[in-house]
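Engineer: Dropping a prediction and its sequence here:
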Amino acid sequence: MGKVFPVNSDDLRRWNIWWKYVVADQVWLWAVGCFMGMFLNVNLATAIAPPGENISGIAAGAYQAQFMADRLWTGFWFLALLNGFCILMSTHLDNTDILVRSITDIIWTSSLKARKWLGENVAAIYYAVLFAFTVWGLIAVRWGHAMDLFKIIGNIAGFVLALASVQILLVNTRLLPKKLQPSRWRRVALLMCCVFYSVIFCAVVYDLMTKWWD
């Protein structure tokens with residue numbers, strides 16, 4: 001169960017200081033950095049890939065490096081390949097760890113039977129979930145090409161973000177004290193986030209269903 005600190009002048013002052021650190025880290029460092037990184041990467045890919053080029057399969061991750069080796073900066077193809085590998089590998093490891101840890105925390109905090117059965121050995125849940133996730137990955141990776149799997153993962157993530165926006169809004173407006181609740185513009189922003197990702201999710205599902213029926 002979550003807890004809320006006593007709402008007084010001193011704690012509110014510390015709350016506002018904490019918010020400044022959150023904004024600096026999540027907005028100016030993380031969000032702006034992500035937008036700039038994607039903007040530069042997409043523009044580089046657009047400049048390199050010829051219009052109408054079919055980039056699919058496992059080779060999609062190495063296309064930029066191959067293009068550099070064949071036509072452009074031959075000395076940089078290895079750096080491009082290494083950079084793509086590091087981005088994909090680190091992202092996969094981080095997402096896997098977050099998923100496994102989240103499921104482990106949910107099981108451990110919500111199941112009294114699991115705590116009694118395992119005692120203090122919470123690591124057993126973590127490694128069991130990790131093993132199951134690894135086996136599932138070995139099965140799912142054979143269902144389609146890499147680009148198709150990335151589209152499915154991205155669309156599922158959008159659906160989760162749409163649900164999370166509503167959940168965060170309800171939790172922050174119903175469970176937090178009035179002085180700690182988000183301002184009106186933040187509530188509107190959460191609703192806009194829900195609408196944005198919901199529209200994208202529905203559009204992708206509709207496109208996939210249309211292609212499947214055709």
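Structural biologist: Now that the structure is in, tell me what you want to look at.
Engineer: can we go C-alpha only for contacts and neighbour counts from here?
Structural biologist: OK.
Engineer: Give me the pLDDT for Ser90.
Structural biologist: With respect to pLDDT, Ser90 scores 84.
Engineer: buried stuff in the strand or helix carrying Val188?
Structural biologist: Using DSSP states H and E, Val188 falls within helix 184-213. When neighbours are counted by 16 or more other C-alpha atoms under 10 Å, the buried residues of helix 184-213 are found to be Arg187, Leu190, Cys193, Cys194, Tyr197, Ser198, Phe201.
Engineer: Any chance of JSON lines for those residues, columns pLDDT and distance to Asp207?
Structural biologist: As requested, these are arranged in JSON lines below (pLDDT from 0 to 100; distance: C-alpha to C-alpha, whole Å):
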{"residue": "Arg187", "pLDDT": "95", "distance to Asp207": "30"}
{"residue": "Leu190", "pLDDT": "93", "distance to Asp207": "26"}
{"residue": "Cys193", "pLDDT": "93", "distance to Asp207": "21"}
{"residue": "Cys194", "pLDDT": "95", "distance to Asp207": "20"}
{"residue": "Tyr197", "pLDDT": "93", "distance to Asp207": "15"}
{"residue": "Ser198", "pLDDT": "94", "distance to Asp207": "14"}
{"residue": "Phe201", "pLDDT": "92", "distance to Asp207": "10"}
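Engineer: What is the nearest of these to Ala128?
Structural biologist: Taking C-alpha to C-alpha as the measure, Ala128 lies nearest Phe201 of the buried residues of helix 184-213, at 31.2 Å.
Engineer: For the worst-scoring helix or strand of the chain on mean pLDDT, enumerate the helices and strands it packs against.
Structural biologist: Least confident element among the helices and strands of the chain, by mean pLDDT, DSSP states H and E: helix 63-71 (a mean of 76). With contacts taken as 3 or more C-alpha pairs under 8 Å, 6 or more residues apart in numbering; DSSP states H and E, helix 63-71 sits against helix 32-48, helix 77-110.
Engineer: got the angle between that helix and helix 32-48?
Structural biologist: 40 degrees (axes from the mean of the first three to the mean of the last three C-alpha atoms, to 10 degrees).
Engineer: what's the angle between helix 63-71 and helix 77-110?
Structural biologist: Using the same axes, to 10 degrees: helix 63-71 against helix 77-110 is 170 degrees.
Engineer: Just the buried positions in helix 63-71, please.
Structural biologist: For helix 63-71, by 16+ other C-alpha under 10 Å, it's Tyr63, Gln64, Ala65, Gln66, Met68, Ala69.
Engineer: can you put these in a markdown table and add distance to Ala128?
Structural biologist: Output for the buried residues of helix 63-71, formatted as a markdown table (distance: C-alpha to C-alpha, whole Å):
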| residue | distance to Ala128 |
| --- | --- |
| Tyr63 | 36 |
| Gln64 | 38 |
| Ala65 | 38 |
| Gln66 | 39 |
| Met68 | 43 |
| Ala69 | 43 |
